[in-house]
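Peer 1: After the sequence you'll find the predicted model.
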Amino acid sequence: MTVTASGLLPRTVYDVAIVGAGVVGCAIARRLARHADLRIALIEAQDDVGQGTSKANTAILHTGFDAIPGSLEARLVREGARQLALYAAESGIPVEPVGALLVAWDEAQLAVLPSLAEKAERNAYPDARELGTTELYAREPHLGPGALGALHIPGESIICPWTTTLAYATQAVRHGVDLHLNSRVEKASREDGVHRLGTTRGPLRARRLVNAAGLHADTLDRQLGHDDFTVTPRRGQLLVFDKFARALVRHILLPVPTALGKGVLVAPTVYGNVLLGPTAEDLHDKHDTGSTADALAGLREQGRRILPELLDEEVTAVYAGLRAATEHEDYRIVAHPEQATVTVGGIRSTGLTASLAIADHVTALLADTGLELTPPRDLTPIHMPNLGEAFPRPCQRPELIAEDPEYGTLVCHCERVSRGEIRDALTSTIPPHTVDGLRRRTRARSGRCQGFHCGAAVRALFEGVRG
Amino acid sequence: MRDVDVLVVGAGPAGLAVAARLAVAGVGHVEVLDRELRAGGVPRHCAHGGFGTWLNPLTGPAYARLLTTAAARAGAVVRTGVTALDWAGPLSLTTVGPDGPETLRARAIVLATGARERPRAARLVPGTRPAGVLTTGELQQAVHLHGQRIGSRAVVVGAEDVSYAAADTVTASGADVVAMVTELPYSQTTPVRAQAARLRHRVPLLTDTTVVELLGHGRLSGVRVRHSAGRTAVLPCDTVVFTGDFVPDHELARRGGIDLDPGTRGPAVDGALRTSRTGVFAAGSVLHAVESAATAAEEGTHTARAVREWLTGTTWPTGVPLTVAPPLRWIAPNRVTPADHHPYVLRTTTLLNRPLLRVTQDGRVLHRQRTWTAVPNRTLRLAAGWASAVDPEGGPVEVTAGHP
Ligand SMILES: Cc1cc2nc3c(=O)[nH]c(=O)nc-3n(C[C@H](O)[C@H](O)[C@H](O)COP(=O)(O)OP(=O)(O)OC[C@H]3O[C@@H](n4cnc5c(N)ncnc54)[C@H](O)[C@@H]3O)c2cc1C
Ligand SMILES: Cc1cc2nc3c(=O)[nH]c(=O)nc-3n(C[C@H](O)[C@H](O)[C@H](O)COP(=O)(O)OP(=O)(O)OC[C@H]3O[C@@H](n4cnc5c(N)ncnc54)[C@H](O)[C@@H]3O)c2cc1C
């Protein structure tokens, strides 16, 4: 098992190099790992997998009911959702099938609901159903006054985006994929049928290249000589509310899209929090994941209408993600057989859901570029540590504590993270390189106190293992 | 399920004091739980002096040890590394520790779960999410309990007592305090302390100033501040410490459906520190975030008597609400029964020059008292002794601050 974070990259000529270890790149790596004879490198600029857009989204496993019928995105979201639901169940990735309600707050929004239901049908999603106010308020008693009706999409779920990405990457690495972190690809050229990637950790060679660089996919694509699309980062800021807010909402409350704009959603998370957001701001800077006072005030204003009591709860985090929006409506997944590359671009706002289907699609395209694929093997299943509240956490499992008391010793009290879980994460296949990476793997210090009680103790455990 | 006589949640000054007093008085099995690996609560990591008594001044850690030893010597069972998770019944709690889960049932429960500072996210400070963003609690533990390095240039947000303690900790760790920043027009500590920081340690205090943005990817590179007159500036730093802005750790109380006071956000209690749940008491910072450790310990001792009375079979009075009018922010205790005789602590949102506190019920004046200048984030006290005049069947009792 190979995970590297420093030193020169190996001199091996890989069969396939995948640039970008977001949820998409990791899914592709995992999918290709089913072909035992392939030498695969997964190359990531940052110090961890899933550090780009994949860590900062709204964590919804979409049905694809509102996709553009007939688009590639519509198909891959639909297929991906089904695959990921199965994979999550097999791998212990927390998913809660809470369903979504598109709540109409004015006549214009109410008038749109039938056409959305009809669009859902065209996307092969037949279960959308309109609800009157009585049923709406029975389902969501804490909803603010003035809602006129809703469209119920029972198939929408919430998922842990972080565990998903890490599960793909871990399984890929355990099946022979080399993961190289801290390796930003800065140059790309091709000689004698071999790609030469100039990275911050020296050169890397591969016969085939998959560009899954997310926000930077257009830059890499241009280096390969294409001018297919331009990524305009569209920032989405979000507020996370404390676990006490979870009791206020049962479904994902989606806005009804109208000509006037998209509105914001209120959604539970699998960790037992509630999200409010995201904004949609077109930017130029692909690193501008900061939050702004105006946006936060605007979100709170909109949240107050949707779920008034939400605003009384403590905010435990504020974050922003950048959608890789392009000038095209659809995904931009393009094979260049002559160059032996596949570019996976414009995976804007559904990439988590579609990831497994994108991986299948990209694998088929790679085959079209001439990559020889032996019959795929079944991968050994993986069991991820559970971060979800709907499933027993280690401190709630007497049998586990009896075996190993470390699971009964809590370090992070807000999120009830035990010393055993922190130890496991620090010694896992893809261990964290920062305290923040440890946080994403365990939730240690992501609760309401943000480290007031546990921050120093968590850091001590991190530094103790890493020396 | 295991039965005990009194279960105390939290082995800080309040919890240890109530346990020691009950155990000394011979109240059967008194058990104190703390989720940390060591008892003592917040003083464990307040490495400075100012604890103990006039005759026996102590540092925080020494004070924590003294209280822990006293409780254990008196016969209370102090268990650390054990978290009270939730309620299993009106007077029983589920717990977890290295020995596994356990449900404990008691004849009386005392919640002494303390308080925390609100972190950056809760304060909605915009910007990036870099490393180097702390609260005083984390800072003190990092430096004093774990010997960790925290950075080299720190901005301290706040100018109350705890903010100066944070500044001292930054200095003790070998780092520099770039500035202290407060939204208020003045420092809220004692003049002596404020002057020492300014003159002896050369720490600039930026008043009327708000931190409006955190900067830097990976590691903090600076904070943007705005003066109330509109000017903004960037203070380069690699560490920022958000101090004060305390909130009670009221989670266990809330999970149990115990009434909270809207002002303090802690459990609403009467003068004997009885909560809305029969048999459940609360003491210390969870009631009023935060007062001195001495106040918390004194409350523990005070409520021990009420716990004993309850164990011998007294009734559980409900009392009437005790509220404050702006610019006062909160008062604790915040319910009142005619038998109450414990003094009150309050907070103001604005500076009040020798205000006159008036206690009224249904238009009837129960008490008037002139106090010292009231400063935001500092203790303001209201004497006891007027509660006997309260009509237990009457309306809420209100405290106002005004000029004669
Ligand atoms: C606010 C918001 C809400 C969203 N909500 C949802 C949702 O609810 N459900 C859903 O399914 N989807 C959602 N999405 C979309 C989803 O998050 C993305 O589609 C998905 O994360 C894209 O994954 P990716 O792997 O393509 O990109 P990324 O996660 O950005 O991964 C790209 C990786 O490539 C690396 N990289 C870039 N350039 C280089 C280089 N030159 N060399 C090496 N490495 C490089 C980056 O560091 C990064 O790790 C949301 C997105 C946003 C912003
Ligand atoms: C950063 C900071 C600095 C301070 N500096 C000073 C100072 O210099 N001088 C001074 O006089 N006062 C100071 N104070 C105030 C003083 O610390 C408090 O008044 C005092 O600690 C309150 O005691 P307590 O017992 O109510 O709470 P705490 O001391 O906070 O103790 C509460 C205990 O309850 C435990 N607990 C909470 N929930 C659970 C649960 N569910 N299960 C098990 N255990 C639980 C916690 O682990 C903790 O040990 C400071 C406070 C802070 C936050």
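Peer 2: Looks like it came in fine. Ligands and ions are numbered 1, 2, ... in the order given.
Peer 1: next one: phi and psi at A:Asn211?
Peer 2: When read as degrees, to the nearest 10, the backbone of A:Asn211 gives phi -100, psi 100.
Peer 1: Find me whatever residue is spatially closest to residue 1, sequence neighbours aside.
Peer 2: Let's take chain A. A:Val173 (5.4 Å; C-beta to C-beta, 6 or more residues apart in numbering or on different chains). The way it works is simple: take the backbone N, C-alpha and C, and place the C-beta from them, glycine included.
Peer 1: my question was about chain B
Peer 2: Using C-beta to C-beta, 6+ apart and skipping the chain neighbours, the partner closest in space to B:Met1 is B:Thr103 (4.7 Å).
Peer 1: The helix or strand harbouring the one you found pairs with which strands, and in what direction?
Peer 2: Per DSSP states H and E: B:Thr103 is located in strand B:100-111. Here strand B:100-111 has these sheet partners by DSSP bridges: strand B:2-9 (parallel), strand B:92-97 (antiparallel), strand B:280-282 (parallel).
Peer 1: Contacts made by the second one with the rest, please.
Peer 2: Under the contact criterion C-beta atoms under 8 Å, 6 or more residues apart in numbering or on different chains, strand B:92-97 has outside partners A:395-396, A:401, A:408-410, B:1, B:7, B:9, B:33, B:79, B:81-88, B:101-106, B:109, B:252.
Peer 1: Near ligand 2, list only the ones from these.
Peer 2: Counting by C-beta under 6 Å from any ligand atom, B:Val9, B:Leu33, B:Thr83, B:Ala84, B:Leu252 from the contacts of strand B:92-97 sit close to ligand 2.
Peer 1: Counting neighbours, which of those comes out on top?
Peer 2: Each of those was scored for neighbours by other C-beta atoms under 10 Å in any protein chain shown, and B:Val9 scores highest at 27 neighbours.
Peer 1: hang on, it packs against B:Ala106?
Peer 2: No: with contacts counted by C-beta atoms under 8 Å, B:Val9 stays clear of B:Ala106, the gap being 10.1 Å.
Peer 1: I'd like to know how many residues surround the residue nearest to B:Met1.
Peer 2: With other C-beta under 10 Å as criterion, B:Thr103 counts 15.
Peer 1: do B:Asp340 as well
Peer 2: 23.
Peer 1: Using the three-state scheme, assign it.
Peer 2: coil (DSSP: H, G, I helix; E, B strand; the rest coil).
Peer 1: check which helix or strand covers the closest residue to it other than its chain neighbours.
Peer 2: Leaving out its chain neighbours, the residue that sits closest to B:Asp340 by C-beta to C-beta, 6+ apart is B:Gly271, at 2.6 Å. Element membership for B:Gly271, per DSSP H and E: none, as it lies in no helix or strand.
Peer 1: contacting residues around B:Gly271?
Peer 2: So B:Gly271 contacts B:Gly319, B:Pro333, B:Val336, B:Thr337, B:Ala339, B:Asp340, B:His341, B:His342, B:Ala384, B:Ala387 (C-beta under 8 Å, 6+ apart).
Peer 1: State the distance from the last one to B:Tyr344.
Peer 2: So the one you mean is B:Ala387. Going from B:Ala387 to B:Tyr344 by C-beta to C-beta, to the nearest Å gives 10 Å.
Peer 1: And the second one, by the same measure?
Peer 2: For B:Pro333, the distance to B:Tyr344 equals 7 Å [C-beta to C-beta].
Peer 1: Now go through the ones next to ligand 2 among the contacts of strand B:92-97 and say which are in strands.
Peer 2: Counting by DSSP state E, the part of those found in strands is B:Val9, B:Leu33, B:Thr83, B:Ala84.
Peer 1: Farthest-apart pair in those, please.
Peer 2: B:Val9 and B:Thr83 (9.1 Å; C-beta to C-beta).
Peer 1: so what's in contact with those two at the same time?
Peer 2: With C-beta under 8 Å, 6+ apart, B:Val9 and B:Thr83 have common neighbours B:Leu33.
Peer 1: Turn the ones next to ligand 2 among the contacts of strand B:92-97 into CSV, including pLDDT and distance to A:Pro278.
Peer 2: Below are these laid out as CSV (pLDDT from 0 to 100; distance: C-beta to C-beta, whole Å):
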residue, pLDDT, distance to A:Pro278
B:Val9, 98, 38
B:Leu33, 98, 41
B:Thr83, 98, 34
B:Ala84, 98, 36
B:Leu252, 98, 33
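Peer 1: if we can go back for a sec, name the nearest of the contacts of B:Gly271 relative to ligand 2.
Peer 2: B:Pro333 (14.3 Å; C-beta to the nearest ligand atom).
Peer 1: Hmm, that closest one is touching B:His342, no?
Peer 2: Yes: under the criterion of C-beta under 8 Å, B:Pro333 makes contact with B:His342 at 6.8 Å.
Peer 1: So for those two, which residues contact both of them?
Peer 2: B:Gly271, B:Leu273.
Peer 1: what's the neighbour count on residue 311?
Peer 2: Went with chain A since none was named. By the criterion of other C-beta under 10 Å, A:Leu311 has 15 neighbours.
Peer 1: hm, I was asking about chain B
Peer 2: 17.
Peer 1: quick one, phi/psi of it?
Peer 2: phi -70, psi -30.
Peer 1: now it: how far from chain A?
Peer 2: B:Leu311 sits 30 Å away from chain A, going by C-beta to the nearest C-beta, to the nearest Å.
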